[in-house]
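Chemist: Starting from these lines, generate the structure:
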Amino acid sequence: MNLADLWFGLFVLIIAGYLILDGFDMGVGMLHLPLARNDTERRTMLNSIGPIWDGNEVWLVLGGGVLFAVFPLVYASLFSGFYLAMMLVLVTLILRAVAIEFRSKEPGVRWRTGWDIVFGASSAGLALLLGVAFGNIVRGVPLDSSGNITVSLIDLLSPFALLFGVTTLAMFTLQGAFYLTMKLEGDLLARLRAWLPRIAGAFFVLMTLIIVVMVMDDQQITQRYTQDIWPVIFPAAALGAFAVAWRMMRSGRDFASFMATSAMIALLLVSAAIGMYPNLLISSIDAANNLTVANAASADNTLTVALVVAVIGMPFVLLYTAGVYYIFRGRTQVEPEGY
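Modeler: Residues are numbered from 1 along each chain as shown. Now for the predicted structure:
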């Protein structure tokens, strides 16, 4: 294994960390309006993520930093074709943050309801955009020999990409629901538990549909699974993690079910990464244009310096994340000075 391969693995793990942690934030946002019935319940849900939501987004910054420093050609190509989509992602990130911070600054019903709508819509919009982007990357983009992607925003919204987007919505909603089982209590928790089987069922159906479409379409990402048997371990393990989450949900073991869905998300991403490897961006024009781990990586000295920085810095990120979750563990209580 060379440095570029090592960084490919680290990048996948960083993105998995983002999807797991900010994923349940988005899930809470999407459940915020339909689940909570009054101001106290909505404040309870906001306070469940209040101390941690901004720290979770550090993992997105880390992922962007890795692309910029380690795989700069991929970073440049993505911005050449996904620029407008990425600006929309930035807008949803800003709106979500503003909604969380501004929502409880005024007591008016219209003020709070308005920001509740913004919070829910921006959370759903962000999840949808991320899923659509990933769907396009998995299927392939019109990447030319110069590394440029020429595609309109409408072209990115293909049925396959939208299916990925909707499935991502369901996955993050499920992750958020499992997180909330550890934070809520009373009627709100009982209501959530009644919803959980339906959310889990919707995600399972959508995920199964994606797999069927990919296999029938004989996409490049599925070829590795038809040629070799060992990679099947990872999607099978993801299915197993989902089954464990379902079983833990039925027995009321909230933390175990949340950890199982977190493992499922990581394993699904690893499964996709194995199918794509060594490609980082697949060209739908000509496979010779693919950006791979080998031809898109920075020079070895850059990879070495970046690895040293990661070895020094990542423990601090992990310690901060673990510390915040430990300090703010337990059921959420609404305080006058909270969100």
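Chemist: Now do the buried residues in the helix or strand where A243 lies.
Modeler: If you go by DSSP states H and E, A243 is part of helix 233-250. Neighbour counts over helix 233-250 (16 or more other Cβ atoms under 10 Å) mark F234, P235, A237, A238, L239, A241, F242, V244, A245, W246, M248, M249 as buried. All C-beta spots, glycine's among them, are computed from the backbone N, C-alpha and C.
Chemist: can you check stretch 48-64 too?
Modeler: Neighbour-count burial for stretch 48-64 [16+ other Cβ under 10 Å]: 48-50, 52-53, 55-60, 62-63.
Chemist: mind checking the end-to-end distance for it?
Modeler: End-to-end distance for stretch 48-64, by Cα to Cα, to the nearest Å: 27 Å.
Chemist: Can you tell me what sits against it?
Modeler: 11, 14-15, 17-18, 21-22, 24-25, 28, 75, 93, 97, 100, 179-180, 183-184, 317, 320-321, 324-325, 327-328, 332, 338-339 (Cβ atoms under 8 Å, 6 or more residues apart in numbering).
Chemist: What residues sit buried inside stretch 183-192?
Modeler: K183, L184, L188, L189, L192.
Chemist: what about the last one, distance to F203?
Modeler: Using Cβ to Cβ, to the nearest Å, L192 is found at 15 Å from F203.
Chemist: next one: the third one
Modeler: L188 is 22 Å from F203, where distance means Cβ to Cβ.
Chemist: ok so, going back, what helices and strands are in contact with the helix holding A243?
Modeler: Using 3 or more Cβ pairs under 8 Å, 6 or more residues apart in numbering; DSSP states H and E as the contact test, the elements touching helix 233-250 are helix 159-181, helix 186-217, helix 254-276.
Chemist: Same list (these) but as CSV, adding mean pLDDT and distance to A310.
Modeler: CSV is the format used below for the helices and strands packed on helix 233-250 (pLDDT from 0 to 100; distance: least, Cβ to Cβ, whole Å):
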stretch, mean pLDDT, distance to A310
helix 159-181, 96, 26
helix 186-217, 93, 31
helix 254-276, 95, 18
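Chemist: quick one: which of these is nearest N2?
Modeler: helix 254-276 (16.6 Å; Cβ to Cβ).
Chemist: buried ones in that closest one?
Modeler: Neighbour counts over helix 254-276 (16+ other Cβ under 10 Å) mark 254, 257-276 as buried.
Chemist: now it against helix 233-250, angle please.
Modeler: 160 degrees (axes from the mean of the first three to the mean of the last three Cα atoms, to 10 degrees).
Chemist: Now do the helix or strand just after helix 254-276: which elements does it pack against?
Modeler: As assigned by DSSP H and E, the chain's next helix or strand after helix 254-276 is strand 279-281. Strand 279-281 sits against helix 72-102, strand 291-292, with contacts defined as 3+ Cβ pairs under 8 Å, 6+ apart.
Chemist: Determine how far strand 279-281 lies from the middle of the whole chain.
Modeler: 19 Å (Cα atoms, centre = their mean, to the nearest Å).
Chemist: So in that sheet, which strands flank it, and in what orientation?
Modeler: Note on strand 279-281: by DSSP bridges, its sheet partners are strand 291-292 (antiparallel).
Chemist: Quick check: mean pLDDT of the strand it pairs with?
Modeler: Strand 291-292 shows a mean pLDDT of 95.
Chemist: secondary structure element for the residue nearest to T302 when sequence neighbours are not counted?
Modeler: Using Cβ to Cβ, 6 or more residues apart in numbering and skipping the chain neighbours, the partner closest in space to T302 is A69 (6.8 Å). Secondary-structure assignment from DSSP H and E places A69 in helix 58-70.
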